[in-house]
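# coords below, sequence missing:
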């Protein structure tokens, strides 16, 4: 299993994204794994496509993500766990990233594909990039 971050998805689908070439090289590794994202990652990704894609393309991307990824819905219990992680890292890690870590802990996932260095040196997490 692998958790997929917004930076990877945007890098993959946006041709002029700074991470596009690296994302393309990682596709085969990611496709071999059961892929997880959260509803927060879905929101971040679709927001990141605003101004890059038109409404129909964003809708198509929404359906593509829903078809190819398992989506963890962040509930109140997970939000509480994420805020404890935020406190643990003393506010140096964004709340959305903390929800990713909380989900990864919940599901027993140790790898995240991400171009976000904030996931480096986090206990039990290997960042694939």
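That came through fine. Everything numeric here is computed off the predicted structure, so don't read it as measured data. Numbers count the residues shown, from 1 in each chain.
# doesn't residue 3 fall inside a strand?
Yes: counting by DSSP: H, G, I helix; E, B strand; the rest coil, residue 3 is part of a strand.
# correct me, but it touches residue 104?
Yes: using CB atoms under 8 Å, residue 3 makes contact with residue 104 at a distance of 5.2 Å. All C-beta spots, glycine's among them, are computed from the backbone N, C-alpha and C.
# which residues do these two both contact?
Common neighbours of residue 3 and residue 104, using CB atoms under 8 Å, 6 or more residues apart in numbering, are residue 112.
# For the two, indicate the residue with more neighbours.
Between residue 3 and residue 104, counted using other CB atoms under 10 Å, the more crowded position is residue 3 (28 against 23).
# number of nearby residues for the closest residue in space to the more buried one that isn't next to it in sequence?
Distances taken as CB to CB, 6 or more residues apart in numbering place residue 112 nearest to residue 3, at 4.4 Å, with adjacent residues excluded. Residue 112 has 25 neighbours, counted by other CB under 10 Å.
# what stretches of the chain score poorly on pLDDT?
Along the chain, no part satisfies pLDDT under 70.
# residue ranges of the strands in it, please?
In the chain, the strands defined using DSSP state E lie at 2-4, 35-38, 70-72, 111-113, 126-128.
# Can you tell me which of those strands is most buried?
strand 2-4 (a mean of 25; mean count of other CB atoms under 10 Å).
# Give the other helices and strands that that one contacts.
strand 35-38, helix 95-107, strand 111-113 (3 or more CB pairs under 8 Å, 6 or more residues apart in numbering; DSSP states H and E).
# who's in contact with that strand?
Against strand 2-4 from outside (CB under 8 Å, 6+ apart): 30, 33-37, 41, 69, 100, 103-104, 107, 109, 111-114, 128.
# Given that strand, what are its sheet partners and their directions?
strand 35-38 (parallel), strand 111-113 (parallel) (DSSP bridges).
# circling back to that earlier point, of the helices and strands packed on strand 2-4, which is nearest residue 17?
strand 111-113 (14.3 Å; CB to CB).
# which residues are contacting the closest one?
1-5, 8, 26, 29-30, 33, 100, 104, 119, 125-129.
# Stretch 26-41 now?
So stretch 26-41 is contacted by 1-6, 8-9, 12, 45, 65, 68-74, 96, 99-100, 103, 107, 109, 111, 113, 128-129 (CB under 8 Å, 6+ apart).
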